[in-house]
Structures are given as C-alpha cells and as structure tokens.
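Participant: okay, predicted coordinates and the sequence, questions at the end:
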Amino acid sequence: MSRVTTLAEFIVEKQTDFPYAQGELSRLLTAIRLAAKIVNREVNKAGLVDILGAVGGENVQGEEQQKLDVFANERFINALENQGVVCGVASEENEDFIPFHSDMAQQSKYVVAMDPLDGSSNIDVNVSIGTIFSIFRRVTDHGPAQLEDFLQKGLEQVAAGYVIYGSSTMLVYSTGNGVNGFTLDSSIGVFCLSHPKMRIPETGKIYSINEGNYVHFPQGVKEYLKYCQDHDPATNRPYTARYIGSLVADFHRNLIKGGIYIYPGTTKNPNGKLRLLYECDPLAFLIEQAGGRASNGFKRIMELDATELHQRTPMFIGSTKMVEEAEAFMAKYQEVPARS
Ligand code: P6P
C-alpha cells in the first residue's frame, strides 16, 4: 500500500515552492482546510437538522439565501480572520469586502476572494455543491484590506482552489506548481492526497451548458452547439451533453474526464451570470495549471480587468482544443461581451 500524504504534510513539503510564503500561505491553506471540514459536516447532515431551506433573506445577488450559504460564509470568514493570515476577504455573500483589523491581519500579505457555497440552489436536492477561493498578494502596504487589493487581474493570483461536497468531499488547489486533489477521509477528519498532478485531457467529448437559454445565446454559441451535436465519428461527434447546474461539479467532472463548460453572455445578460473575481478567475488559474484553457470567448479570463467586486463575465473553460473550437465559432461573429 503506497504512503498516504495528508494535506497538512503536503502543504509543509511544498511550501518551499513558494519562497515568499515563509509558512503564511501554509497557514492560509490550513484555515481553508479547517473551514472546509466544518462546512462538509453541515452539508452532509443538511437533511437531518433544521438547516435546510431558505433563511428567508436574500444575498447581495438578490438570490434567495440558503441557511448553508450563511453558515459556510461565516465559517470561512472566521477561519481566515482567526488565523490572522489575510487582511481581508471578498465574498459572493457580502456586498462589500470585509477588512480585518487585528494587528496580525493588518501585517499579513494576502487577501482572499471566495464563493463560500456555489450552486446553493442544489442544496435542498442533494446535488454536489462547492466552495471556490482565490488568493492574491495585497497591493497596499499594510493595514486592513482596501478595494484595490481585490481588483487585480486573475494573472496576479498566487493560489486558487475549490472544495467539492459530493459523493466524497475533495479539496483541489494550486499554488502555481500544478494542481493536486485531496479527498477527505471523514473517519479521521483528514484530507489525503488522492489526485496528484491533475491534468485535463487536451480534448474531450463532454459539453456543459444550460441549453434552456438557447434562444438568447450569441450566434457563435448556437453554431458551436450544432457542431457538438453533428454526426462525425472521425471527430468523436456528437459529443455528450452533461449539465449539473453546479459550477464546481461540472468543472470537476471536466477536469478529470475532459470537456468544456460554457456560461455565455446572452441578449438578456451580455456579461453572463458567473462572477469574475471568485468563480471565473480561480477556476481559470486551476485549468491553466492543469493544461486547459479559459476565456470569455475572445480573451483569456485571467487577463480581464477587474473593476467591481461582483462583476460578471461570460466563460468558456475546459480542454484546450474544445475551448479553441468554441472560440473559432465566436470569432466568426465578433459578438464581444459588453465588458472585456
Ligand atoms: P443556470 C449556481 O447558482 C451557479 O452560479 C453555478 O454553480 C451554475 O453552474 C450556474 O449558476 C447555473 O446557472 O442559469 O444554468 O441555472
């Protein structure tokens, strides 16, 4: 039986890859690891305690807020604040960013942008959901975080990852030296290295998009979908449609099997639905580290300017050859998103 490497051991072993961390990034990842275990515990028993269902409020996105959303948000924010390793957090659940004021936090080097529980509309129907996080080095000198610490291009990320609460719970992350996946052994409460050096297949057969929005799609997307559905055995078509409606679950499946996930701009929402800062940028960082590609249909996601905390962007992400195929259809019509 091969040696089991725990996440804690891996972080320590690999922190030399991150010379300027001196353990700070390790402590940051430890905070995320702790919060992930706590959220996992509640997700796994959501059907058993009165935590299911809507808390009755709405989040800043105007979406019905689920109790687990609130719980997850509080757990991750508390864990990050208590470790004193970030000077602030931006969250999908909070309209403004949250600056931290402790002496240690004000001296820290990093900020975190996160979606604490993405796919929350799936909570009550027991479909996999996830946490997505992005880590930047602060650009201000010291003191509590400021808005400019968060409004950085995705290229500036120093680390990113996600937790998927599914048939098993996994933490998948990268600090810029490849992507590694850790599966939670709940019997001992430890994340164990189960997917070392993850690479997405260069091409694949799975396309993931909400075709219910077809009539509102740009012409380039409509034509790409027909390309996916054409019969051409020489190019493995028709492809297979898979759409879970939970970004982390769709992304994770494609990372392992190959495929493309598309949330395009539409006539109703020209910049699509997904958020640049804490959904698209961190997943783009991961997919590129795994050998894949992520764009808004025209421009690399991680090169997009971040001007607002909750700004949206269309996203085409997955196997390089499949994303390039889709971009070729988009280029025919040059329907460039409103902001790019
Ligand atoms: P639609 C969940 O709210 C989410 O942000 C992603 O997890 C998911 O991929 C997408 O929205 C689903 O959106 O419009 O297809 O229901």
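Facilitator: Sure thing, it's come through. As the structure is a prediction and not an experimental result, all values here were calculated from the model. Residues are numbered from 1 along each chain as shown.

Participant: list the helices and strands the one helix or strand Cys87 maps to packs on?
Facilitator: Secondary structure assignment for Cys87, by DSSP states H and E: strand 86-91. Judged by 3 or more CB pairs under 8 Å, 6 or more residues apart in numbering; DSSP states H and E, strand 86-91 is in contact with helix 67-83, strand 98-99, helix 103-106, strand 110-118, helix 147-150. Just so you know, the C-beta spots here come from the backbone N, C-alpha and C atoms, and that holds for glycine as well.

Participant: just how off-centre is that strand within its chain?
Facilitator: Relative to the mean C-alpha coordinate of its chain, strand 86-91 is positioned 16 Å out (CA atoms, centre = their mean, to the nearest Å).

Participant: same deal with stretch 226-234?
Facilitator: Chain-centre distance of stretch 226-234: 30 Å, with CA atoms, centre = their mean.

Participant: ranking the helices and strands packed on strand 86-91 by burial, who's on top?
Facilitator: strand 110-118 (a mean of 28; mean count of other CB atoms under 10 Å).

Participant: just want the angle from the longest helix seen in the chain to strand 86-91.
Facilitator: Ranked by residue count and defined by DSSP state H, the top helix of the chain is helix 24-44. Orientation check (axes from the mean of the first three to the mean of the last three CA atoms, to 10 degrees): helix 24-44 against strand 86-91 gives 40 degrees.

Participant: can stretch 156-167 be found next to the ligand?
Facilitator: No - against the ligand, stretch 156-167 shows no contacts by CB under 6 Å from any ligand atom, the least distance being 10.9 Å.

Participant: helix or strand for the residue most central in space within the chain, which one?
Facilitator: Central residue of the chain (CA atoms, centre = their mean): Ile132, 3.8 Å from the mean position. Take DSSP H and E as the rule and Ile132 turns out to sit in strand 129-137.

Participant: note down every partner strand of that strand and its orientation.
Facilitator: strand 110-118 (antiparallel), strand 157-165 (antiparallel) (DSSP bridges).

Participant: need the CA coordinates for that strand. CSV is fine.
Facilitator: Listed next in CSV are the C-alpha coordinates belonging to strand 129-137 (Å, rounded to 0.1, in the frame of the first residue of the first chain):
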residue,chain,number,x,y,z
ILE,A,129,-22.1,21.9,-4.3
GLY,A,130,-18.8,23.7,-3.8
THR,A,131,-16.6,26.4,-2.3
ILE,A,132,-14.3,28.4,-4.7
PHE,A,133,-11.4,30.5,-3.5
SER,A,134,-8.8,32.8,-5.0
ILE,A,135,-5.7,34.2,-3.2
PHE,A,136,-3.9,37.4,-4.1
ARG,A,137,-0.9,39.1,-2.6
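
Participant: so how far is it off the chain centroid?
Facilitator: So, by CA atoms, centre = their mean, the centroid of strand 129-137 is 6 Å from its chain's centroid.

Participant: stretch 318-331 now?
Facilitator: Computed by CA atoms, centre = their mean, the separation of stretch 318-331 from the middle of its chain amounts to 20 Å.

Participant: tell me the residues of this protein that contact the ligand?
Facilitator: 118-119, 121, 210, 245-247, 250, 273.
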